[in-house]
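**Student:** Sequence first, predicted model second:
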Number of protein chains: 2
Amino acid sequence: MSSVAITRLDASAAGFQKQLADLLSFSADTDAAIHQAVAEILDAVRKRGDAAVVEYTRRFDRVQANDMAGLELSQERLQQALKSLPLRLETALKAAAERVRSYHERQLQQSWTYTEADGTVLGQQVTALDRVGLYVPGGKAAYPSSVLMNAIPAKVAGVKELIMVVPTPDGVQNDLVLAAAAVAGVDRVFTIGGAQAVAALAYGTEIVPQVDKIVGPGNAYVAEAKRRVFGIVGIDMIAGPSEILVICDGKTDPDWIAMDLFSQAEHDELAQSILISPDVAFLDAVQASVDKLLPTLPRQEVIRTSISKRGGLIQCRDLDQACEIANYIAPEHLELSVADPDALLPKIRHAGAIFMGRNTCEALGDYCAGPNHVLPTSRTARFSSPLGVYDFQKRSSLIHVSAQGARTLGEIAAALAYGEGLQAHARSAEFRMEH
Amino acid sequence: MSSVAITRLDASAAGFQKQLADLLSFSADTDAAIHQAVAEILDAVRKRGDAAVVEYTRRFDRVQANDMAGLELSQERLQQALKSLPLRLETALKAAAERVRSYHERQLQQSWTYTEADGTVLGQQVTALDRVGLYVPGGKAAYPSSVLMNAIPAKVAGVKELIMVVPTPDGVQNDLVLAAAAVAGVDRVFTIGGAQAVAALAYGTEIVPQVDKIVGPGNAYVAEAKRRVFGIVGIDMIAGPSEILVICDGKTDPDWIAMDLFSQAEHDELAQSILISPDVAFLDAVQASVDKLLPTLPRQEVIRTSISKRGGLIQCRDLDQACEIANYIAPEHLELSVADPDALLPKIRHAGAIFMGRNTCEALGDYCAGPNHVLPTSRTARFSSPLGVYDFQKRSSLIHVSAQGARTLGEIAAALAYGEGLQAHARSAEFRMEH
């Protein structure tokens, strides 16, 4: 049983900040070949619509279809996939969906107005997006939980039409993914993927309707295509590698913490798992648990690469310092595996999701606790939020000025407009004052 | 007095949808030279920090400074600018700021939690961004109202440090802009601009601290720089040309409507002003008002170009059809200049800001009604919102699972994790069930 080499850092050591920055850094460059290929695919789909999408699907996914209609799945097909599941899986999927829905319903934003003394009404009208596209990867990264997490907030927001695209290389359809689409209430499903699917959703084709926003994870081609169509449609964040940061007081079973680190590392080789503790002996104990438990896992090779290349065990002075480091890292997932997580919470300013207490492993949040598992990565929790209902709603300002308000506000507006040299603005306001 | 040629469209005519799409389209391509220049500037500032910023500022703005400290303005300088204003302007600025603050305070989002029957706590923690950068253009487009609209929501959100950058070509400082910074509570001001200012804020330098998000309008270089640093920091939307759409029942004074169209057109030649009415005679009357009033305005040449190249007078069947067209356009500014705007409001799904009733000209919203004047352009109101307090807050999901909850949720999570082939996820959840 070989030991897994995990980077050890000491937060009190000189040079720690530089070492930490190096540990967190990774290269997200996409190469010029991808840029070029995506530009060509987008252009072809914009110009030739369904014909181009069908061609690319034949070439890249080896799926034979005469036309786009042949690439659409019926609602009956989704229901059939759901019925084909073992009972335990169907029950779990429905229970997870119900909890995710229940949590997200609390995120619904409502319109509001207020009336000022002179009768002027101000407010904000909140409405749902009309139509949303959901990208679901095919192959090994096809996760039904991801379908639930992306689709349910859109449906809770009131999106009328939710269109899912999922590539089916060699025609192989993933029943668990289709079942999740059925449970989540997806309206239409096309078995297309890659940049061509993003293009179809962004521009619309003869059969695929143009959407207002595209969400969901994908490979480098999908990410580049989303970047390029941003502005024509909305997009969610471009996700980096997944991360977990565990703050532990040293009193949690080290096997639990090791497995929590693994649960992140098993996603892919670039995933990042870091543990911070003031207890050096505990860091050693977790290292021992890592060495003991790793050979028991089917995905041990992925985990070994991830943990040895990007993992970290960080010794800190105390839990306050651990929180400071967490705020710098702004982790996607943060476990507070301590006796009193509520005492630490006010010190945490930046994190995608916070898992509080020894019982709350990240895996529960990934599937069924309720909150979304689409979270800001790569330190972007400093300025962004989990995917939520608010990503599928937008706001319009409301202004209804009374006759008296037109006089009061007109005076202010005209003064500032003349100050800025915008005379038509000033005259437009003054017309209403003279009324 | 020459007539201004404004495009006339009839919504009932064959080919209308295509004509409308052509009217709305514009080219937003930035050329390769800008891409290249911005890439070099970002790289230089990332590598050489303040020295590079000072050099670019000398070269582009002809401002001599020995170092970055020489490019920072003191709070005393801001207060002095405020005191230098004529009383009418100072009063207007403060009144506008107060109204903007009062409106935006209603957008503040609060943290929430709820407890389930088994003791599991779920929720969402809302926190402010730590530090925000505000870009303010120099020269002719230096608008104090824009300082208020960008800075006040950040301060209401609780952003601790707000850093403004504003270029001062040839060393000329705009007192009205600096006064607005004083009123809005901006913390630090650097007289730098262009891609070099965006780079300084995104990467941080010896003197300029790294921010978490950059907001505010700028030229093509600034927009390209913001695109490139997105991900390292957050950014607001990249704005297209400003637009107004007026829906009128034909009963508003045509001079008022003409001036409303001008108030948008005077911003720049690419700005777009469109009027829709079921009353053809009213469209003629507005055309006559345009011809009559245009020569009275100092910015008539800009307005003439904008109105003749991008303006439109659209005849529609009725107000319902006008609302359908408005939803397609998803305008930045929408005036409902009708007798009963409340009756139309439920039919409007997409617009940045809605100005209701004949008294409510857009200019009031631009300066002082309260809602933000930073709004989604180019049909992006289909999926995005006015700048608001919510752009300076972010959310962290909260999950605190009870011992019983760990068992119930563990079962669901493990079933789904095994279904997805993620055994470490399953084991991590099962450890807590065995407890």
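**Tutor:** All right, it came through fine.

**Student:** Helix or strand: which one has residue A:34?
**Tutor:** helix A:32-48 (DSSP states H and E).

**Student:** mind listing what's buried in that helix?
**Tutor:** If you call a residue buried by 16 or more other C-beta atoms under 10 Å in any protein chain shown, then helix A:32-48 has these buried ones: A:34, A:37-38, A:41-42, A:44-46. C-betas here are computed from N, CA, C, even on glycine.

**Student:** between these, which is nearest chain B?
**Tutor:** residue A:46 (13.4 Å; C-beta to the nearest C-beta).

**Student:** thought the closest one was touching residue A:201?
**Tutor:** No: between residue A:46 and residue A:201 there is no contact under C-beta atoms under 8 Å: 12.0 Å.

**Student:** Confirm that residue A:339 sits in a strand.
**Tutor:** No: checked against DSSP: H, G, I helix; E, B strand; the rest coil, residue A:339 lies outside a strand; its state is coil.

**Student:** Which segments of chain A make up each domain?
**Tutor:** According to automatic domain parsing, chain A comprises the domains A:7-28+A:240-369, A:32-103+A:127-235, A:401-433.

**Student:** Give me the buried positions along stretch A:259-277.
**Tutor:** Quick answer for stretch A:259-277 (16+ other C-beta under 10 Å): A:259-267, A:269-277.

**Student:** Just the ones of these in helices?
**Tutor:** Counting by DSSP state H, those place A:259-265 in helices.

**Student:** Switch those residues over to a markdown table, and while doing so, append pLDDT and distance to residue B:337 to every line.
**Tutor:** Compiled in a markdown table, those are given as follows (pLDDT from 0 to 100; distance: C-beta to C-beta, whole Å):
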| residue | pLDDT | distance to residue B:337 |
| --- | --- | --- |
| A:259 | 98 | 64 |
| A:260 | 98 | 60 |
| A:261 | 98 | 62 |
| A:262 | 98 | 63 |
| A:263 | 96 | 58 |
| A:264 | 96 | 56 |
| A:265 | 96 | 61 |
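
**Student:** could you pick out which of those residues are near chain B?
**Tutor:** When contact is defined as C-beta under 8 Å from any C-beta of the partner chain, these meet chain B at A:259-260, A:262-263, A:265.

**Student:** Including distance to residue B:422, could these go into TSV?
**Tutor:** Converted to TSV, those look like this (distance: C-beta to C-beta, whole Å):
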residue	distance to residue B:422
A:259	12
A:260	13
A:262	10
A:263	7
A:265	11
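
**Student:** and of those residues, the nearest to residue B:426?
**Tutor:** Among these, residue A:263 lies closest to residue B:426 (C-beta to C-beta), at 8.6 Å.

**Student:** So which bits of the stretch 51-200 of chain A are right by chain B?
**Tutor:** A:88-89, A:91-93, A:95-96, A:99, A:103, A:106-107, A:112, A:114, A:120-122, A:124-125, A:127, A:129-130, A:140, A:143-145, A:176.

**Student:** and the residues you listed, which are buried?
**Tutor:** A:89, A:92-93, A:95-96, A:99, A:103, A:106-107, A:120-122, A:124-125, A:127, A:129-130, A:143-145, A:176.

**Student:** re earlier: could you name the helices and strands sitting against the helix holding residue A:34?
**Tutor:** Here helix A:32-48 touches helix A:50-61, helix A:194-203, helix A:220-229, going by 3 or more C-beta pairs under 8 Å, 6 or more residues apart in numbering or on different chains; DSSP states H and E.

**Student:** got the contact list for it?
**Tutor:** Under the contact criterion C-beta atoms under 8 Å, 6 or more residues apart in numbering or on different chains, helix A:32-48 has outside partners A:52-53, A:56, A:194-196, A:198-200, A:202-203, A:205, A:220-221, A:224-225, A:228-229.

**Student:** That helix vs helix A:50-61, what angle?
**Tutor:** 150 degrees (axes from the mean of the first three to the mean of the last three C-alpha atoms, to 10 degrees).

**Student:** Name the helix or strand for whichever residue of the stretch 51-200 of chain A sits closest to chain B, please.
**Tutor:** Residue nearest to chain B within the stretch 51-200 of chain A: residue A:92 (3.8 Å; C-beta to the nearest C-beta). Taking DSSP H and E as the definition, one finds residue A:92 inside helix A:87-105.

**Student:** How about residues contacting stretch A:93-100?
**Tutor:** Under C-beta under 8 Å, 6+ apart, the answer for stretch A:93-100 is A:85, A:144-145, A:148-149, A:152, A:176, A:179-180, A:183-184, A:367-370, A:372, B:412, B:416.

**Student:** again, only using 10 Å
**Tutor:** Contact with stretch A:93-100 is made by A:82, A:85, A:144-145, A:147-149, A:151-153, A:156, A:176, A:179-180, A:182-185, A:366-373, B:116, B:120, B:122, B:408-409, B:411-413, B:415-416, B:419, as judged by C-beta atoms under 10 Å, 6 or more residues apart in numbering or on different chains.

**Student:** now swap in stretch A:285-296 and tell me
**Tutor:** Counting by C-beta under 10 Å, 6+ apart, A:1-6, A:8, A:246, A:248, A:250, A:252-262, A:265, A:273, A:275, A:277, A:279, A:300-301, A:303-304, A:307, A:311, A:313, B:423-424, B:427 sit against stretch A:285-296.

**Student:** buried stuff in it?
**Tutor:** Buried residues in stretch A:285-296 (16+ other C-beta under 10 Å): A:285-287, A:289-290, A:293-294.

**Student:** can you pull the contacts of the most centrally placed residue in chain A?
**Tutor:** Nearest to the mean C-alpha position of chain A, counting by C-alpha atoms, centre = their mean, stands residue A:374 at 3.0 Å. Contacts of residue A:374 were listed using C-beta under 10 Å, 6+ apart, and they are A:146, A:149-150, A:153, A:215-217, A:236-237, A:239, A:332, A:352, A:386-388, A:391.

**Student:** ok, it to chain B distance?
**Tutor:** Using C-beta to the nearest C-beta, to the nearest Å, residue A:374 is found at 10 Å from chain B.

**Student:** Could you verify that that residue is part of a helix?
**Tutor:** No: counting by three-state DSSP, residue A:374 is not part of a helix but coil.

**Student:** where does it land on pLDDT?
**Tutor:** Residue A:374 carries a pLDDT value of 95.

**Student:** just residue A:143 next, same as before
**Tutor:** 88.

**Student:** Identify the spatial nearest neighbour of it, chain neighbours not counted.
**Tutor:** residue B:420 (5.4 Å; C-beta to C-beta, 6 or more residues apart in numbering or on different chains).

**Student:** Correct me if wrong: the one you found contacts residue A:366.
**Tutor:** Yes: contact criterion C-beta atoms under 10 Å: residue B:420 and residue A:366 qualify, at 9.4 Å.
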